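Colleague: below is the sequence, then the predicted model.
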Amino acid sequence: MSVRNVTTESAPVRFVLIAAAVGFLSLFLLMPLFAVFIEALRRGWEVFLASLHEEAALSAVKLTLLTAVIAVPLNTLFGISAAWAITKFRFKGRALLLSLIDLPFAVSPVIAGLVWVLLFGAKGWFGPWLAENDIKIIFAVPGIVIATVFITFPFVARELIPLMESQGTDQEEAAVTLGARGWQIFLRVTLPNIKWGLLYGVLLCNARAMGEFGAVSVVSGHIRGETNTLPLHVEVLYNEYQFSAAFACASLLALLALVTLGLKSVVEHVSGLSSNAKH
């Protein structure tokens, strides 16, 4: 079946629009991305690999991975639970819950970090009690994890809620009439229907968790080799004029973005094929 244009713009107009879009993406996306890798390899592979094998760099990578390993599963559980509650039930406060889920999108990450300092810092609401019990949250790994969880918790939920709303509750209601219980309904009916949206949300959540800077910068204390995640380590190296090392570490984050983009495309393609097969 042939596909016809649904617009009436002339060929020159279409050319200008396409050229403008390609030019904008090239200037603000592709050129900076290429610049990161070019600068990272400017002094050769030996310097590049040495920068990544530095003790502080390895510590930053480990902390970044640890933070993601904790934050992503927690936000996945929250996203599934919140989406299930919002789309399958009607209750007072539903609109408020939806608004609260969007809160990290509306609040600056720096402000989010300051909120946790206000709560758990030495002069914060719970600071004296934490100090008495020798519990350290701010300027330590727990503070980094908490800030990251807060910044990233909308991603899975916001991917699942529209999907589950569009699917409705017909299949779950049919399962109930056949005698299925809560977990059976979720595992055999709901989860298979949302698996691609769930995977997509997890990918976005993981990418943001590893790349988060603002909130983590406030609560970390920038302790080299202890509380610096990879984005913070890049900033420290750049401020110390270690440009090759800074771009080498930044290239890892750029590579993560490219991998996430590739996986996102795969998920969209596979989910599209799955949807077409059902219809």
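Modeller: That came in fine, so what should we check first? Numbers count the residues shown, from 1 in each chain.

Colleague: would you map the helices across the stretch 51-200 of the chain?
Modeller: Secondary structure of the stretch 51-200 of the chain (DSSP state H, counting those that start in this stretch): helices located at 55-88, 94-101, 103-106, 109-120, 127-132, 141-152, 154-167, 170-177, 182-185, 191-211.

Colleague: nearest to residue 226, of the ones you listed?
Modeller: helix 55-88 (7.1 Å; CB to CB). Any C-beta I mention is one placed from the backbone N, CA and C, and that applies to glycine too.

Colleague: and the closest one, what other elements does it pack with?
Modeller: Other elements packing on helix 55-88 under the criterion 3 or more CB pairs under 8 Å, 6 or more residues apart in numbering; DSSP states H and E are helix 94-101, helix 141-152, helix 154-167, helix 191-211, helix 230-239, helix 243-278.

Colleague: and for the fourth one, what are the contacting residues?
Modeller: Put plainly, it is helix 191-211. Contacting residues not belonging to helix 191-211 are listed as 64-65, 67-68, 71-72, 75-76, 79-80, 83, 148, 151-152, 155-160, 163-164, 167, 171, 229-231, 253, 256-257, 260, 263-264, 267-268, 270-271, 274 [CB atoms under 8 Å, 6 or more residues apart in numbering].

Colleague: check contacts around residue 257.
Modeller: 33, 207, 211.

Colleague: now it: how far from residue 120?
Modeller: Between residue 257 and residue 120 the distance is 31 Å, computed by CB to CB, to the nearest Å.

Colleague: follow-up on the earlier one: so which of the helices of the stretch 51-200 of the chain is the most packed in?
Modeller: Most buried of these by mean neighbour count (mean count of other CB atoms under 10 Å) is helix 141-152; its value is a mean of 23.

Colleague: report the angle between the axes of that helix and helix 191-211?
Modeller: 120 degrees (axes from the mean of the first three to the mean of the last three CA atoms, to 10 degrees).

Colleague: only alpha carbons, please: show stretch 101-120 as CSV.
Modeller: In CSV, the C-alpha atoms belonging to stretch 101-120 read as follows (Å, rounded to 0.1, in the frame of the first residue of the first chain):
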residue,chain,number,x,y,z
ILE,A,101,4.6,11.9,41.3
ASP,A,102,5.4,14.8,39.0
LEU,A,103,7.0,16.8,41.8
PRO,A,104,10.7,16.0,40.9
PHE,A,105,10.0,17.2,37.3
ALA,A,106,8.9,20.6,38.7
VAL,A,107,11.6,21.0,41.4
SER,A,108,15.2,21.9,40.6
PRO,A,109,17.5,19.0,41.5
VAL,A,110,19.6,21.5,43.5
ILE,A,111,16.6,22.4,45.6
ALA,A,112,15.8,18.7,46.1
GLY,A,113,19.3,18.3,47.4
LEU,A,114,19.0,21.2,49.8
VAL,A,115,15.7,19.7,51.2
TRP,A,116,17.6,16.6,52.2
VAL,A,117,20.3,18.7,53.8
LEU,A,118,17.6,20.5,55.7
LEU,A,119,16.2,17.2,57.0
PHE,A,120,19.4,15.2,57.6
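
Colleague: I'd like the mean pLDDT over that stretch, please.
Modeller: Stretch 101-120 carries an average pLDDT of 92.

Colleague: again with stretch 59-71
Modeller: 95.

Colleague: convert it to PDB, retaining C-alpha atoms only.
Modeller: Coordinates of the C-alpha atoms in stretch 59-71 are reproduced here as PDB (Å, rounded to 0.1, in the frame of the first residue of the first chain):
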ATOM      1  CA  SER A  59      35.600   4.700  43.000                       C
ATOM      2  CA  ALA A  60      33.300   7.100  41.200                       C
ATOM      3  CA  VAL A  61      32.200   4.400  38.700                       C
ATOM      4  CA  LYS A  62      31.600   1.900  41.600                       C
ATOM      5  CA  LEU A  63      29.500   4.500  43.500                       C
ATOM      6  CA  THR A  64      27.600   5.400  40.400                       C
ATOM      7  CA  LEU A  65      26.700   1.700  39.800                       C
ATOM      8  CA  LEU A  66      25.900   1.100  43.400                       C
ATOM      9  CA  THR A  67      23.500   4.100  43.500                       C
ATOM     10  CA  ALA A  68      21.800   2.900  40.300                       C
ATOM     11  CA  VAL A  69      21.500  -0.700  41.600                       C
ATOM     12  CA  ILE A  70      19.700   0.600  44.700                       C
ATOM     13  CA  ALA A  71      17.600   3.400  43.200                       C
END
